[in-house]
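Undergrad: need coordinates for the below:
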Amino acid sequence: MLIKQESYTIQSLLEFVQQSVDELLKLNIYESSLSEEEIERRQNKKVMLLSALNNCIFGSKSDKEYVKEFIKELLTKHCNITSYNINTIIHFDKAEFLTVQDKFDILMHVYKKEYGYRALSMLIKKYNLDQLRNCDGMEYFFIDESDINSIYEKETPFLSFEDRYDIIVQRIYSLYKGYNVVDDIIDMQIDGISAGVNGFPKSFIIENKNEYEHIKGVLGKKTARSYESVWIFFQGKSIHLKFLSFGSYDELQRVCQNVYKYDNPGQLSRVDGYKVNRLKDGSRVVVLRPDFCESWCFFIRKFELPDMSLNGLIKDENSQTIIELIKYLVKGNMNIAITGAQGSGKTTLLRAMIEHIYPPYTLRILEMAPELHLRKSFPHRNIVTLQETDMISGQEGLDVLKKTDGAVTIVGEVASDPVAAYMIQTAQVASLFTLFSHHAKRFPDLIMSLRNSLLKTNVFSNERIAEEQIVRVLNFDIHMEKDITGKRYIERITECIPLDINYRMDIDTLDPDERKKLLEEIQYKYYTQMLGGRTYSYKNIIEFDTENNKYVIKDKISDANIKEMKKAMMPEDRELFSQFLDRVWG
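TA: Residues are numbered from 1 along each chain as shown. Here you go, the predicted model:
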């Protein structure tokens, strides 16, 4: 396939690359009159290309670079792209003819040369693009066309011939085997990216054409379609990239159908309308499609942050106290829940806590989809991670983990009743201690949710007994929060205190002497919790003061848990823990 130089466009070059690769892969080189050595060389190259083409769609950066180099080689060999005609493909020398996507691609290329995978983060921070702003009477996070135009004008980036060539090759790759306008963004060091999550779905426009035309007439350009939807998750903030579009519903669908396919997770279909999987780099991928969802959309959640330690995650005034406390809770073999809403940082905190588990302990992890990737962080530790599949439930996974000589059980997310019930049983008998995450908002909600799971799965039939089992297992709850600006923090660390059966009574039925004796034995501020018939009390050890942005010391850890923690610690940690208690609570 030959193209006239004056007809060079991204689309014509894309078609040339597609046709050339197809012809190369179909070519039977053994029918040629080449030498045996040349046949073997070409066959090896063909095998490498086919492998890279298959793997680059899974998020493999090395295979992506190989395919891009092959595209560049094709163009150089057959298209004679020069410093003159390259500007007919993208008008690099005439800013007024550049599209907003052209400008964004150029900015990303220039920043990538200097900052690598931190390019997008540096661009956002430099121009304060992560601030709440008003648009059409609503305050939210967004970056629009005017932002990119303004930044491009300020930067006035200089591009060599090679820079221009690389930008064109990246554009062709993104349309051929990549993820279109988000291909470069997916590689960046951000929290995540989603697409297809706002705007009119294709089905609405087809089924409600008159209504859509009416809305379009009223709103004009504000009637975005779902393929014009790209959002990034950056430092806890959902930012709408309003200037990016996949160009068509079909192109959004193509990306959705490719992005989840690493390691053959099965076919996404109308019957099976969603898939939860991962990219090759470990990022979690969720893809939804009609009829299960109103439109094609995907969500990629990344878990690689620059500093995954407690020191890197927990900031604000008095943060060292809370960091030390969390370390001692882990070293003290406490069963800990990490609660909070989606995106509040539960998984990130859980991974940072694992660093402080004593190295001799074996770790056994169950996840719905791989997120922790602990062997990457701790390659020399004894770690086994199981993942739920279509054929193996989380309940079965936990049952298997009981038989793998595990000292510590970690459940990435307690999201179903069977997993919750098995997790409680495992914490009772099968491991030294357990760490898990949950979406409960308040501490009583956590207990109630776990109690209901035990009842629903018929582990217990009595509410009080089920609740007793939970509160005797659960020691602490670390609750994560994220405010409207995207700031993440630990709202509180709560201690669970099982109550003796003798205290669960209506205090008003006691005579004055008995009442006085009872209130001397237990702290008065908790008695109102017991009047409801609860089998537990709870108190906040540390809280976050949102007005002053600092952590505030509250109640001391109970003597019973201090005793248990010290018993589990190494002698040097035991001494440091005693000093910590004296320093913080006197």
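
Undergrad: any regions of this protein where pLDDT drops low?
TA: Filtered on pLDDT under 70, the chain yields the residue ranges 1-7, 29-33, 206-223, 304-307, 369-370, 394, 430, 500-533.

Undergrad: in the chain, which helix has the most residues?
TA: Using DSSP state H to define each element, the chain has its longest helix at helix 36-55.

Undergrad: need the residues that contact whichever helix or strand comes after that helix.
TA: Following helix 36-55 in sequence order, the next helix or strand is helix 61-78 (DSSP states H and E). Contact with helix 61-78 is made by 2, 13, 16-17, 20-21, 48-49, 51-53, 55-56, 81, 165-166, 168-170, 172-173, 176-178, 187, 281, as judged by C-beta atoms under 8 Å, 6 or more residues apart in numbering. To be clear about C-beta, it is placed using only N, CA and C from the backbone, and glycine gets the same treatment.

Undergrad: can you select the buried ones from the residues you listed in ChimeraX?
TA: In ChimeraX, this line selects whichever of the contacts of helix 61-78 come out buried by 16 or more other C-beta atoms under 10 Å:
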select :13,16,17,20,21,49,52,53,55,56,81,165,166,168,169,170,172,173,176,177,178,187,281
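
Undergrad: filter the contacts of helix 61-78 down to just the ones in helices.
TA: If you go by DSSP H, these have 13, 16-17, 20-21, 48-49, 51-53, 55, 165-166, 168-170, 172-173, 176 in helices.

Undergrad: about what we covered before: which helices and strands does the longest helix of the chain pack with?
TA: Under the contact definition 3 or more C-beta pairs under 8 Å, 6 or more residues apart in numbering; DSSP states H and E, helix 36-55 sits against helix 10-26, helix 61-78.

Undergrad: give me the neighbour count for the residue nearest to Cys297 when sequence neighbours are not counted.
TA: With sequence-adjacent residues excluded and distances taken as C-beta to C-beta, 6 or more residues apart in numbering, Cys297 is closest to Gly196, at 3.2 Å. For Gly196, the tally of surrounding residues (other C-beta atoms under 10 Å) stands at 29.

Undergrad: what does Leu24 give?
TA: Considering only other C-beta under 10 Å, Leu24 is surrounded by 16 other residues.

Undergrad: go on, Tyr127?
TA: Tyr127 - counted by other C-beta under 10 Å - has 16 other residues nearby.

Undergrad: now it: how far from Leu107?
TA: Going from Tyr127 to Leu107 by C-beta to C-beta, to the nearest Å gives 10 Å.

Undergrad: list residues touching both of these two?
TA: Ile151.

Undergrad: does Arg574 really touch Lys566, like I thought?
TA: Yes: between Arg574 and Lys566 there is a contact under C-beta atoms under 8 Å: 5.0 Å.

Undergrad: report the contact partners of Phe544.
TA: Residues near Phe544 by C-beta under 8 Å, 6+ apart: 316, 481, 489-492, 550-552.

Undergrad: and it, helix, strand or coil?
TA: strand (DSSP: H, G, I helix; E, B strand; the rest coil).

Undergrad: and it, what are its bridge partners?
TA: With DSSP bridges applied, the residues forming beta bridges to Phe544 are Tyr551.

Undergrad: end-to-end on stretch 250-269?
TA: For stretch 250-269, the first-to-last residue distance is 16 Å (C-alpha to C-alpha, to the nearest Å).

Undergrad: beta partners of the residue nearest to the spatial centre of the chain?
TA: What sits nearest the mean C-alpha location of the chain, by C-alpha atoms, centre = their mean, is Arg301, with 2.9 Å. Taking DSSP bridges as the rule, Arg301 bridges to Gly192, Arg284.

Undergrad: from Gln342, how far out is it?
TA: In this view, Arg301 and Gln342 are 9 Å apart by C-beta to C-beta.

Undergrad: same deal with Leu25?
TA: Applying C-beta to C-beta to Leu25 and Gln342 gives a distance of 42 Å.

Undergrad: higher neighbour count, the two?
TA: When Leu25 and Gln342 are compared for neighbours, Leu25 comes out ahead with 11 against 8, by other C-beta under 10 Å.

Undergrad: does that one touch Ser51 like I think?
TA: No: using C-beta under 8 Å, Leu25 is not in contact with Ser51, being 11.6 Å away.

Undergrad: now the end-to-end length of stretch 79-99.
TA: End-to-end distance for stretch 79-99, by C-alpha to C-alpha: 24 Å.

Undergrad: could you do stretch 27-43 as well?
TA: From its first residue to its last, stretch 27-43 covers 10 Å (C-alpha to C-alpha).

Undergrad: what's the answer for stretch 379-399, then?
TA: End-to-end distance for stretch 379-399: 25 Å, by C-alpha to C-alpha.

Undergrad: try stretch 88-99
TA: Using C-alpha to C-alpha, the end-to-end distance of stretch 88-99 comes to 14 Å.

Undergrad: that older thread, which ones are touching the residue nearest to the centre of the chain?
TA: Going by C-beta under 8 Å, 6+ apart, Arg301 touches 191-192, 233, 283-284, 286, 371.

Undergrad: among these, which one sits closest to Ile557?
TA: Of all those, Ile557 sits closest to Glu371, with 29.7 Å by C-beta to C-beta.

Undergrad: contacts only, for the closest one.
TA: Counting by C-beta under 8 Å, 6+ apart, Glu371 touches 282, 284, 301, 303, 347, 412.

Undergrad: quick one: buried ones out of these?
TA: 284, 301, 303, 347, 412.

Undergrad: the fourth one belongs to a helix, doesn't it?
TA: Yes: looking at Thr347 with three-state DSSP, it is inside a helix.

Undergrad: that one: what's it in contact with?
TA: Contacts for Thr347 (C-beta under 8 Å, 6+ apart) come out as 303, 371-372, 412-413, 437.

Undergrad: chain neighbours aside, what residue packs nearest to Ala440?
TA: Per C-beta to C-beta, 6+ apart, closest to Ala440 is Leu446, 3.7 Å.

Undergrad: and the one you found, how many neighbours?
TA: The tally of other residues near Leu446 (other C-beta under 10 Å) stands at 23.

Undergrad: with Pro418 instead?
TA: Counted with other C-beta under 10 Å, residues neighbouring Pro418 total 17.

Undergrad: element containing it?
TA: Assigned by DSSP H and E, Pro418 falls in helix 417-429.

Undergrad: residues contacting the next helix or strand after that helix, please?
TA: Reading on from helix 417-429 to the C-terminus, the next helix or strand found by DSSP H and E is strand 433-438. Contact partners of strand 433-438, identified using C-beta under 8 Å, 6+ apart, comprise 330, 333-340, 346-347, 350, 353-354, 408-414, 423, 426-427, 446, 449-450, 473.

Undergrad: residues in contact with Tyr274?
TA: Tyr274 neighbours (C-beta under 8 Å, 6+ apart): 268, 286-289, 292-293.

Undergrad: give me that answer again for 6 Å
TA: Contact analysis of Tyr274 by C-beta atoms under 6 Å, 6 or more residues apart in numbering lists 288, 292.

Undergrad: what of Leu350?
TA: 338, 437.

Undergrad: and the gap between it and Lys487?
TA: Leu350 is 19 Å from Lys487, by C-beta to C-beta.

Undergrad: likewise Arg534?
TA: According to C-beta to C-beta, Arg534 and Lys487 sit 33 Å apart.

Undergrad: can I see the domain layout of the chain?
TA: Domain assignment of the chain by automatic domain parsing yields the ranges 5-78, 91-301, 310-496+540-585, 500-533.

Undergrad: so how far is the third one off the chain centroid?
TA: Mean C-alpha position of domain 310-496+540-585 versus that of the full chain (C-alpha atoms, centre = their mean, to the nearest Å) differs by 19 Å.
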